[in-house]
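A.B. asks: Sequence first, predicted coordinates after that:
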Amino acid sequence: MIRTALLVAGKDLRIERRSRVLLWQVLPFGVMALVLSGLALGPAHAGNSSAGPGLFYLVMLLVTLLMINRSQVIEGSSGTRTSVATLGLDPAGVFLGKALALAVELWITGVVVLAGAVLLLHTALVGSAEALPSVLVILAALAAAGTLYGALSGGGQGPATLLPVLSFPAFAPLLIAGERSYSDALHGGSLWQWWLISLVALVAYLGIGILLYGVLEES
Amino acid sequence: MIKQLSQRLLGPVTLALLALTFWLGLWVTPPDRIQGNLVRLLYIHPAIAWVGLYVSFGTSVIASCLYLWKRTRSTIMDRVAYCAMEVSAIFITLTLITGSIWGRPTWGVWWAWDARLTSTAILLVFALGYLALRRANDDPELRARRSAVFAIIAAINVPIDHFSVDWWHTLHQGATVFTQNGNFLVHGSMLWTLFLSLFAFTLLFFWLLRARYRLEVLRDQRYAASLDEALAQRRREGVH
């Protein structure tokens, strides 16, 4: 399973490196969404706003949606699913590999958007650095959940519009946990309970994905 | 014989018990010492929530699990899961509406960003997402499989919703009928009316589920007949 996961993750990341979609489309989108969030608050209120952590996670949710769609497009190209089925790859491994690749892409984007939040929204640098471990865990949970929802919404009618409807309710607890942990890191509060919720969500989504991804990919 | 009789009686018995609940709740039970007549709304709100969040959502999740398990996989399980989720979506909406009507005079607002309210709203979006997912897939087997997986994922939110009042201590009150030691906090006619409403609304769920299931069977039959008709027409066109 681990070997398959590494193979699939390597394949997805190589495709991303060659196509440069992350670099030229997703990262600029993340920064632009952050600027627009600042403008929505109003230039006078954007700096040092208590909404900074929430806006960061909102931007990351939008980025996650883009990345999930991208991840599904890679699988959707002609013959890919048939090839994976013919090769007899372990579905749990395929799920873990796709989730890992998505997590790596989200971690890269997350670090850039976090730096953008420090620069544009004036969130404290030290607090943001302290929040980084929890950001990485929550983005990993988003990647695991997103991979599952991507498989659920793919192939039917209007997958791009169906994906947010299906995934947002599942992302909401992660958004809350992320916003609270980031805010607590900025204001010196206790982080452990939000860490725990994020870890439980990550383990739950990984567990469900390992068990049920095969059912979704069955032909 | 007994099965037929129970099926025939389910509707009238449900209606009679609901009427009894409304009569007891509106005229027989006394007003509350603090809430006054507003307490009468609580003879239906917990019962509607019980059906929406636990009975119908739970039925849908159990039927989904049984569908995914190969030994019990059948169209019946898929239909039960779908119909129960549809009933659940209606009852969760009613839960939010009745809660909101109670919240306006009690809390001063129609909506509060309370843990219970928010998690219930998220559960409603899950139920609506399930219905959207059903409509997005034409292949019956793919639709059934994907919906079953989605229902199981959505079920994670039910315990979060249930325990939210204990974990976050926000505006919505915790356990109101029983204390931590299992003693009753509600007494007399108020308690019996509350139990009766829970029973009546549970029966209403089974009645609605049965009616919706029959409708789904008829819809499938009509779809199959129209498909046969279309195939026959194509064959006739081929002959000429």
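C.D. replies: In hand now; what should we look at?
A.B. asks: I figured B:Leu133 was touching A:Tyr149, is that so?
C.D. replies: No. If you go by C-beta atoms under 8 Å, B:Leu133 and A:Tyr149 don't touch, sitting 10.1 Å apart. From N, CA and C alone the C-beta is placed, and that goes for glycine too.
A.B. asks: And what about the nearest residue to B:Val177 once chain neighbours are set aside, helix, strand or coil?
C.D. replies: Using C-beta to C-beta, 6 or more residues apart in numbering or on different chains and skipping residues adjacent in sequence, the residue nearest B:Val177 is B:Val186, 5.5 Å away. Using DSSP: H, G, I helix; E, B strand; the rest coil, the structure places B:Val186 in coil.
A.B. asks: Give me the pLDDT for B:Val186.
C.D. replies: You'll see B:Val186 listed with a pLDDT of 75.
A.B. asks: tally of neighbours for it?
C.D. replies: 17 (other C-beta atoms under 10 Å in any protein chain shown).
A.B. asks: can you pull the contacts of it?
C.D. replies: B:176-177, B:194 (C-beta atoms under 8 Å, 6 or more residues apart in numbering or on different chains).
A.B. asks: A:Val118 now?
C.D. replies: A:124-125, A:128.
A.B. asks: which intervals of chain B have sub-threshold pLDDT?
C.D. replies: B:178-182, B:239-240 (pLDDT under 70).
A.B. asks: Quick check: residues of it near chain A?
C.D. replies: B:68, B:118, B:122-123, B:125-126, B:128-129, B:132-133, B:135-138, B:142, B:145-146, B:148-150, B:152-154, B:156-157, B:160 (C-beta under 8 Å from any C-beta of the partner chain).
A.B. asks: Generate a PyMOL selection restricted to the buried entries among the residues you listed.
C.D. replies: Applying 16 or more other C-beta atoms under 10 Å in any protein chain shown to the residues of chain B next to chain A, the buried members can be selected in PyMOL as follows:
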select buried, chain B and resi 68+118+122+123+125+126+128+129+132+133+136+137+145+146+148+149+150+152+153+154+156+157
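A.B. asks: Can you report how many residues lie near the closest residue to B:Trp167 other than its chain neighbours?
C.D. replies: Distance criterion C-beta to C-beta, 6+ apart; nearest residue to B:Trp167, sequence neighbours excluded, is B:Ala115 at 7.1 Å. Neighbour count for B:Ala115, taken as other C-beta under 10 Å: 21.
A.B. asks: Likewise for B:Gln7?
C.D. replies: 11.
A.B. asks: quick one: buried residues of the helix or strand hosting it?
C.D. replies: In this structure, B:Gln7 sits in helix B:2-23 according to DSSP states H and E. Within helix B:2-23, the residues scored as buried using 16+ other C-beta under 10 Å are B:10, B:14, B:17-18, B:21-22.
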